[in-house]
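In: Generate coordinates for the sequence data below:
(chains A and B)
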Number of protein chains: 2
Amino acid sequence: MAHSKQTLATAESMAHSQREIAVSEFFLKNRHLLGFDNPRKALLTTVKEAVDNSLDACDEAGILPEISVEIAQTGARRFRVTVLDNGPGIVRAQVPKIFAKLLYGSKFHRLRMSRGQQGIGISAAGMYGQLTTGTATLIQSKIKTGKKAHHIEVQIDTRANKPTILKDEELEWHPQFFTAAPDGTPQLSKEYSQGTCVSIEMEAAYVRGKLSADEYLKQCAIVNPHLCLHYRITVLEAVSTAGTAGAANGNGKGQGAETPANDKKPADAAGAAVAAGAAVAAWITFERGTRDLPKQPLEIKPHPHGVELGMLMQMLKDTTAKTLKSALVNDFSRVSDRAAAEICQRAALDPKARPTHIAHRESEALFKAIGEAKLMRPPTDCLSPIGEEQILAGLKKEITADFYTAVTRSPEVYRGNPFQIEVGIAYAKPGENAEINVEDPVRVLRFANKVPLLYMGGACAMIKAMTGVNWKSYGLAQPRDAVPLGPVVILIHIASVWVPFTSESKEAIAHYPEIIREMTFALQECGRRLSVFLSRRRRQAELERKRNFIEMYLPHLALGLREILALTAKQETQIVNKLHKMLERTHLET
Amino acid sequence: MAHSKQTLATAESMAHSQREIAVSEFFLKNRHLLGFDNPRKALLTTVKEAVDNSLDACDEAGILPEISVEIAQTGARRFRVTVLDNGPGIVRAQVPKIFAKLLYGSKFHRLRMSRGQQGIGISAAGMYGQLTTGTATLIQSKIKTGKKAHHIEVQIDTRANKPTILKDEELEWHPQFFTAAPDGTPQLSKEYSQGTCVSIEMEAAYVRGKLSADEYLKQCAIVNPHLCLHYRITVLEAVSTAGTAGAANGNGKGQGAETPANDKKPADAAGAAVAAGAAVAAWITFERGTRDLPKQPLEIKPHPHGVELGMLMQMLKDTTAKTLKSALVNDFSRVSDRAAAEICQRAALDPKARPTHIAHRESEALFKAIGEAKLMRPPTDCLSPIGEEQILAGLKKEITADFYTAVTRSPEVYRGNPFQIEVGIAYAKPGENAEINVEDPVRVLRFANKVPLLYMGGACAMIKAMTGVNWKSYGLAQPRDAVPLGPVVILIHIASVWVPFTSESKEAIAHYPEIIREMTFALQECGRRLSVFLSRRRRQAELERKRNFIEMYLPHLALGLREILALTAKQETQIVNKLHKMLERTHLET
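Out: Now for the predicted structure:
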């Protein structure tokens, strides 16, 4: 029967089936591209997207961030992720699009350092929740000027990449999506006078370890010392066995009986979880290490040397400038009046020509002239690195070691985009930190614009740079083409107005030679310092041995001298002290 | 000055800058996601996308494909890629969207095996050409029922992801984008009475080798034995040094003086290339190995066990069926009347209920019931594997070896999607094929829906499966966790209605356990056969040695017997023959 349906296609029949594909349909079918490959990773990705947004919003608004994250199990293979921040909030009209429309946001069309850049993440998390549980994304937000908060529930119409609003009402600002503690109220350490709370239920799996939300949050605290973070995970003990049974149940479709129905209110859902025997853990708080806000990164304009011909044409078409020269000066960074005049002259173009005219006819000559012009490098005050001091503070707070060092390189440029590399190293005395062993590969903490990267290390420029450094010359063992071994933690951070990720899930940095070179230099600088420390320590150990030698034999010598010279106790002490000093000088200072 | 612009954001100010991001803007900024990381890869990706489309169109229309591919250098760092096919052509109204709109096509919304599936590739190639050279995509197409061909030139409006039509006219069908040979006409081996010709100029680099368009086309011919392929590359000798100078010229912006201006006609552009001293190579033709068309793959409906809750809800909302039961039977594969009734009963739902009603209220119960229902596995006649015979023919045609084997596994299912794995192995006697050495890793040819995959092997499930097989037990050396070594070529093919790629550039297969398992089985089966061959050959070598022994000593023995027994020459011959037979029986058959 199916066979008879199939006929050979013609140009006309093909034309009938050609249609547009909504970007949401595309990513729904390809959700592994967004970090929703499997239930375990889905949980991490959701926490990550929500927290990144909160941190960006607080940073932009100049607010010291305080964020509460709860992961609450609601069924055999279901979890609810709730994230609350004290950020500026979101105006009512923007909420549905921000949370239920892919490729929507404020960060894509500008060159400014921020954690988010694509306008995909949080909507993708909501779409994943919707796909796997049929539920909606719940949002509450209160802005400073508003009297009440708004409570909105949205789903994404995946056929059209548009939000479908299921609920939209005003209410008192009281973030209510958290699992109620046994006494019926969520326990947060602080009052939130404004902010945003988002809550998504999804099919997920919680596994502790290096790829978990816990690890992500811990690393977040290291590179964001101004962040105060509360965290709590609630596991349904009643279904922990049922969960296993469900997972084993063929197509992985076993749904625990505890799964709340879709139309229940969130508060009920939370209540149900508790009723079913949830172990509501206490809040863990990562206190802030500083109350200093990080430097506000500035937005910049594109640098002419990073703009391709097609982009140049587009910019000339779009400009509001009236003349070619003013377009060059206003729309690009680092083009002075004089440089603009020189470019026009080189290209044999009239500086007063209309830009749109140039776009169509003489853009290639202009492009060539720009390429040949000598221009200052892009401005670099648009970057907000963590800073050597803060990296050291973060490492010291989280990692027990006896040597720490950090390097923040000067900004550099790839394809016209400024970027900056930072590296920190912590070295523990072998055997003194159980988490990092001498025989194991060093532990690498990767960050991009202050966001921890946990997956896809193998594809990342950071690991590439690390394996390229000759660590043996710095005193660490290193298998061929691999990261070094040793009781070491290495932190690498890239800050950029546009971080070039290898995929939409933003897990690894693309292999730009300029970027790898900067990483290599930073790693080598830290490596040299480590090497100095290690050889000094080797020398100190040597000294220690000599000192022990003196300490051991001096009393015997003193005893001998006293008998030979018939010294008093006082004289003996004096002589011993003198001898001690003399021997130390002779032996230890050479 | 820049500093003064920066003020702290508020919810209101943020709302102002929030806007939609066109998918074309997104991929323009992230073009490495689509395989346009660098000039070399851009060339391959463009050839690949155009050829894949041509093959898909011919296969769907039941036409024996004949495709001509030309790569012609037009400037120091510029190339024009032109691909002509004898497919069904494209109706005029569809041309602009197909070539200048991302996420547009006929293949995404169906479950049918095809090379393309996303509706991104060829428009992305055009967009890359536009970005790097400012030129338009040129298309000529003639459909069977049309008298004339249409000639269309399009660019993509990247702000809106919409085509901008620069030219749209009717003309005689005579594909004219190829570089004119010295006598002024393109030389093709055959007449094309209908078809499509697309031509894109772009910044690119041509490098021979394992990652080149040449290699892609060669592998294409192996797995598409019904394809007749003409190929030609034209290099501008006059700029081969200028090209190097251009590349060294700082920001990689050096444009050769030969670069034709944008507004020239394509024929002029080609003429200019010749005038500048192009070496127009002869066409190379990969002849077809068979005139049999591959089996037409059938379109199937989703299998209920591969559908997630959110998708089930969407399908129930969208269905044209009037009742729940008929929706289950009509919109899914493998749901009989009886199975549908059983599912409804399990879920305690009325089979006559309206599907939209179920979608909103009881979809979860339905979902659970579907998960528990026993259903036949998805139909597998939707797949069109290459076939063992064709794999052997392809390998024999292209690779000199003395042992060949191939395995086509039965279809299997991942996440509701049928797929099928095929493996072929060619083993050359050590030293007899200079391209494959004993000490080197085996050469792996990876294919997905008959498309060669050249990049990202390290991330591919195929390599993962290969390193997981114990090749030592089949007679090949194998370093730990690596592909085996030896004078061997291994071909792996996955055919599926939806190939799960790890990125939009479609270079590697995601690590689904079901898929890796099937690959492992197929590799092991081929490995066993190779092992049988290798041990038989070892035995034969042994036999050969024994036979040589007999041949060597028999004449001496005969001479001795003749003298002792005073035999005639005839008797001697008889005895020698008898001895020969006897010795062979005794020694060689044990």
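
In: how about stretch A:21-41: buried residues?
Out: Of the residues in stretch A:21-41, those with enough neighbours to count as buried (16 or more other CB atoms under 10 Å in any protein chain shown) are A:21-37, A:39-41. (Glycine included, C-beta is placed from N, CA and C.)

In: show me which of the residues you listed neighbour chain B.
Out: The subset of the buried residues of stretch A:21-41 lying close to chain B, counting by CB under 8 Å from any CB of the partner chain, consists of A:21-23, A:25-26, A:29-30, A:32-33, A:37.

In: For these, could you give me TSV that also reports pLDDT and distance to A:D168?
Out: What follows is these, written out as TSV (pLDDT from 0 to 100; distance: CB to CB, whole Å):
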residue	pLDDT	distance to A:D168
A:I21	93	29
A:A22	94	23
A:V23	94	24
A:E25	92	25
A:F26	93	28
A:K29	88	29
A:N30	89	31
A:H32	87	32
A:L33	89	31
A:D37	84	33
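
In: Adding secondary structure, write these out as TSV.
Out: Below are those laid out as TSV (DSSP: H, G, I helix; E, B strand; the rest coil):
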residue	secondary structure
A:I21	coil
A:A22	coil
A:V23	helix
A:E25	helix
A:F26	helix
A:K29	helix
A:N30	coil
A:H32	helix
A:L33	helix
A:D37	coil
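
In: Out of these, which comes closest to B:Q94?
Out: The shortest distance between B:Q94 and any of those, using CB to CB, involves A:I21 and amounts to 14.5 Å.

In: Can you name the residues that contact the residue nearest to the closest one when sequence neighbours are not counted?
Out: Nearest-residue entry for A:I21: B:L103, 4.0 Å, with adjacent residues in sequence omitted and distances by CB to CB, 6 or more residues apart in numbering or on different chains. Residues touching B:L103, when contacts are defined by CB atoms under 8 Å, 6 or more residues apart in numbering or on different chains, comprise A:20-23, A:26, B:23, B:118-120, B:161.

In: part of a strand, is A:H493?
Out: Yes. A:H493: assigned to a strand according to three-state DSSP.

In: so who does it touch?
Out: For A:H493, the set of contacting residues under the criterion of CB under 8 Å, 6+ apart consists of A:223, A:385-386, A:391, A:421-423, A:447-448, A:450.

In: Recalculate using a threshold of 6 Å.
Out: Counting by CB atoms under 6 Å, 6 or more residues apart in numbering or on different chains, A:H493 touches A:386, A:422, A:447.

In: what about A:A434, how many neighbours?
Out: The local packing of A:A434 (other CB atoms under 10 Å in any protein chain shown) involves 9 other residues.

In: Could you look up the SS state of it?
Out: The local conformation at A:A434, judged by three-state DSSP, is coil.

In: returning to that earlier point: quick check: of the contacts of B:L103, which lies closest to B:M313?
Out: The shortest approach to B:M313 among the contacts of B:L103 belongs to A:A22, at 16.9 Å (CB to CB).

In: number of nearby residues for the residue lying closest to that closest one once chain neighbours are set aside?
Out: Residue nearest to A:A22 in three dimensions, not counting chain neighbours: A:N161, with 4.5 Å by CB to CB, 6+ apart. Residues near A:N161, counting by other CB under 10 Å, number 22.

In: you'd agree A:N161 is up against A:S24?
Out: Yes. Using CB atoms under 6 Å as the test, A:N161 is close enough to A:S24 to be in contact (4.1 Å).

In: Give the residues shared as contacts by the two.
Out: Looking at what touches both A:N161 and A:S24 (by CB under 6 Å, 6+ apart), the common residues are A:L102.

In: Residues of the stretch 401-550 of chain A that sit close to chain B?
Out: Residues of the stretch 401-550 of chain A that fall close to chain B, judged by CB under 6 Å from any CB of the partner chain: A:503, A:510.

In: Spatially central residue for chain A, please.
Out: In chain A, the C-alpha nearest the mean C-alpha coordinate belongs to A:V451, at 1.0 Å (CA atoms, centre = their mean).

In: Next up, phi/psi of that residue, please.
Out: phi -110, psi 130 (degrees, to the nearest 10).

In: and it, what does it touch?
Out: If you count contacts by CB under 6 Å, 6+ apart, A:V451 has them with A:52, A:115.

In: now do 10 Å
Out: Residues in contact with A:V451 (CB atoms under 10 Å, 6 or more residues apart in numbering or on different chains) are A:48, A:51-52, A:55-56, A:114-116, A:216, A:219-220, A:223-224, A:493, A:499, A:506.

In: Next: A:F501.
Out: If you count contacts by CB under 10 Å, 6+ apart, A:F501 has them with A:117-118, A:448, A:453, A:456, A:459-460, A:507-510, B:30, B:32-33.

In: Of the residues you listed, which is the most crowded?
Out: The member of the contacts of A:F501 that has the most neighbours, counting by other CB under 10 Å, is A:I509 with 28 neighbours.

In: isn't that one right up against A:M519?
Out: Yes. Counting by CB atoms under 10 Å, A:I509 touches A:M519, with 8.8 Å between them.

In: Between those two, which contacts overlap?
Out: Here A:I509 and A:M519 share the contacting residues A:461-465, A:492, A:494, scored by CB under 10 Å, 6+ apart.

In: Next step: those restricted to helices.
Out: Using DSSP state H to define helices, the subset of those located there is A:461-465.

In: Just among those residues, which is most surrounded?
Out: Sorting these by how many neighbours each has (other CB under 10 Å) puts A:M462 first, at 27 neighbours.

In: Contacts only, for it.
Out: By CB under 10 Å, 6+ apart, the contact set of A:M462 is A:421, A:423, A:444-448, A:453, A:483, A:490, A:492-494, A:508-509, A:515-516, A:519, A:523.

In: can you do 6 Å?
Out: A:M462 sits next to A:446, A:492 when contact means CB under 6 Å, 6+ apart.

In: And the pLDDT at A:L523?
Out: pLDDT, the model's per-residue confidence, is 98 for A:L523.

In: Phi, psi for it please.
Out: For A:L523, the backbone dihedrals (degrees, to the nearest 10) come out as phi -70, psi -40.

In: correct me, but it touches A:V469?
Out: Yes. Applying CB under 6 Å, one finds A:L523 in contact with A:V469, separated by 4.9 Å.

In: Could you check which of those two is surrounded by more residues?
Out: With neighbours defined as other CB under 10 Å, A:L523 and A:V469 compare such that A:L523 has more, 24 against 21.

In: Chain B versus that one, what's the distance?
Out: A:L523 sits 23 Å away from chain B, taking CB to the nearest CB, to the nearest Å as the criterion.

In: related to what we said a few turns ago, pLDDT and neighbour count added to the contacts of A:H493, as CSV?
Out: Supplementary listing: the contacts of A:H493 in CSV, determined by pLDDT from 0 to 100; neighbours: other CB atoms under 10 Å in any protein chain shown:
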residue, pLDDT, neighbour count
A:I386, 93, 25
A:E422, 97, 25
A:F447, 97, 22
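
In: follow-up on the earlier one: looking at the ones in helices among the shared contacts of A:I509 and A:M519, which is nearest B:A282?
Out: Ranked by distance to B:A282 (CB to CB), these are led by A:K464 at 41.6 Å.

In: Tell me who's in contact with that closest one.
Out: The contact partners of A:K464, taken as CB under 6 Å, 6+ apart, are A:I516.

In: distance of A:A282 from B:G431?
Out: A:A282 sits at a distance of 70 Å from B:G431 (criterion: CB to CB, to the nearest Å).

In: How about the closest residue to chain B within the stretch 101-250 of chain A, nearest residue that isn't a chain neighbour?
Out: When CB to the nearest CB is the measure, the stretch 101-250 of chain A has its nearest residue to chain B at A:L131, with 3.5 Å between them. Closest residue to A:L131 apart from its sequence neighbours, by CB to CB, 6+ apart: B:G310 at 3.5 Å.

In: Assign that neighbour to helix, strand or coil.
Out: Of the three states, B:G310 takes helix under three-state DSSP.

In: what residues does the stretch 101-250 of chain A put near chain B?
Out: Proximity of the stretch 101-250 of chain A to chain B is assessed by CB under 6 Å from any CB, with A:103-104, A:106, A:108, A:119, A:130-132, A:134, A:143 identified as the residues in range.
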